[in-house]
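Asks: Quick one: sequence plus predicted model below, questions after.
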Number of protein chains: 2
Amino acid sequence: MEIKLAVAKTNKYATSESGDSVEVVERPNGGISVVMADGQSSGKGAKQISSLVVRKVISLLSEGVRDGAAARAASDYLFTERKGKVSATLNIVSIDLQTATMVITRNNPLPVYIASNDEICTFDDECNPIGLYRDTRPLISEMQLEPGLTVVLFTDGLVHAGSRTGDGLDITTFLEAHVEEEPDPQEIADALLRDAMELDRGRPVDDISVVVIQVSGRQSDSVRRMTVQLPLN
Amino acid sequence: MEIKLAVAKTNKYATSESGDSVEVVERPNGGISVVMADGQSSGKGAKQISSLVVRKVISLLSEGVRDGAAARAASDYLFTERKGKVSATLNIVSIDLQTATMVITRNNPLPVYIASNDEICTFDDECNPIGLYRDTRPLISEMQLEPGLTVVLFTDGLVHAGSRTGDGLDITTFLEAHVEEEPDPQEIADALLRDAMELDRGRPVDDISVVVIQVSGRQSDSVRRMTVQLPLN
């Protein structure tokens, strides 16, 4: 088996900085975690918030703290730092090799899409963003690592795309049409981002981040790989 | 312009864990940094060391600490934690968008290869790994971000490849042959790793990590991308 993870990310039109932060970190007991946060509003202020949240979470995860505890710590930290006045959404998805599971942690009203060989479902139980209240707890879903499992998560820029014209992205239909061929995760992330940007006529109304994680059954060559592509202005 | 970064990484034969750690982190004032450490010996103990070093460095970089100061802090920290008995090599390469430069920081006797449009040179002045002495300082080289700039760094598994049979990799010749076509950084990293593994008959005598960073002149689509590929046993 092999895990493939892809991120595609763009800024709100005419802002120099995305208010979203996405980072990947190695887990000390084996595996990786991807952490995605969207800070309230956009631009520099939002970036500071999302970056503070992601930094806190990856620092705790890299010390072996469990995902749920890391999310609660980030919430308390943001609440304390900004006196409950600023919120952020937070998602963590971990490939935990100790338990051979994928662990999805949500402090984000937006659903996480989970596609397996049989069906596409959403992990969309109600939950709160972090930072506004004491004792904000994340929702956690854990599942066995099995070939064919694909998880898609995103920030709200993706679902707000097209809102200026009353259009919108139908993510379930998109995944139904594409996920069975087991396309490369980067293709899924790129296609969702491209469709969203087209709905916004190339001028995204909000920062957009898309993360896709896929468990593939293909024979692996025992080489770990990572790539980053960073456009400069 | 666009920055492309690629990592390829494999374990010493018959060890479950690589003693190398490589992580990428976003810089708070714009840009990214890649941090690579190789802990003394191999297996679990080495991984603990390299992971401790990389964690310390990315945590400081993500707070805005400059690369040289982060490397010195990591050295003091390792020296204090392990009483000067354990060493690690450390490399940091940063794309700093504040200064529009690439900053290469070395606490590693191995050279870093720097290919520009004109020539291939090595940054190979003598320097020490961290952890063994107080006041270990890194060497730092800084250069303008210009299309065609390609930087290649690696852990010692790459240069030890073939040592059982007296063979070795000629990295300069390899880069001279390939770098002008501006191949994808992942292709360079994969090819170097593949050649090294072939010299070791598919059974690497040491953990190997290769990092390639390329400044490309190609028109970018303003989308940031990241991929991770993680083989499972």
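Replies: Thanks, I have the structure now. Numbers count the residues shown, from 1 in each chain, chains lettered A, B, ... in the order given.
Asks: C-terminal to the longest helix seen in chain A, what's the next element?
Replies: Among the segments of chain A that qualify as a helix by DSSP state H, the longest is helix A:44-62. Tracing the chain past helix A:44-62, the next element assigned as helix or strand by DSSP states H and E is helix A:67-81.
Asks: on contacts alone, who are the packing partners of that next one?
Replies: helix A:44-62, strand A:88-96, strand A:101-107 (3 or more Cβ pairs under 8 Å, 6 or more residues apart in numbering or on different chains; DSSP states H and E). Heads up, the C-betas are built off the backbone N, CA and C, glycines and all.
Asks: Go through the ones you listed and pick out the most buried.
Replies: strand A:88-96 (a mean of 25; mean count of other Cβ atoms under 10 Å in any protein chain shown).
Asks: before we move on, the earlier item: so which of the helices and strands packed on helix A:67-81 is nearest chain B?
Replies: Nearest of the helices and strands packed on helix A:67-81 to chain B, taken as Cβ to the nearest Cβ: helix A:44-62 at 5.0 Å.
Asks: partners of the strand or helix carrying A:Ala37 in the sheet?
Replies: Per DSSP H and E: A:Ala37 is located in strand A:31-39. In the sheet, strand A:31-39 lines up against strand A:20-26 (antiparallel), strand A:88-96 (antiparallel) (DSSP bridges).
Asks: tell me which residues in stretch A:64-80 are buried?
Replies: A:65, A:67, A:70-79 (16 or more other Cβ atoms under 10 Å in any protein chain shown).
Asks: now the residues you listed in a markdown table, with pLDDT?
Replies: Formatted as a markdown table, the buried residues of stretch A:64-80 follow (pLDDT from 0 to 100):
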| residue | pLDDT |
| --- | --- |
| A:Val65 | 96 |
| A:Asp67 | 98 |
| A:Ala70 | 98 |
| A:Ala71 | 98 |
| A:Arg72 | 97 |
| A:Ala73 | 97 |
| A:Ala74 | 97 |
| A:Ser75 | 97 |
| A:Asp76 | 96 |
| A:Tyr77 | 97 |
| A:Leu78 | 97 |
| A:Phe79 | 97 |
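Asks: Just the buried positions in the helix or strand of chain A with the lowest mean pLDDT, please.
Replies: Lowest by mean pLDDT, DSSP states H and E among the helices and strands of chain A is helix A:171-178, with a mean of 90. Buried positions in helix A:171-178, judged by neighbour count with 16+ other Cβ under 10 Å: A:171, A:174-175, A:178.
Asks: Would you mind giving the residues you listed as a markdown table with distance to chain B added?
Replies: As requested, these are arranged in a markdown table below (distance: Cβ to the nearest Cβ, whole Å):
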| residue | distance to chain B |
| --- | --- |
| A:Ile171 | 18 |
| A:Phe174 | 18 |
| A:Leu175 | 19 |
| A:His178 | 17 |
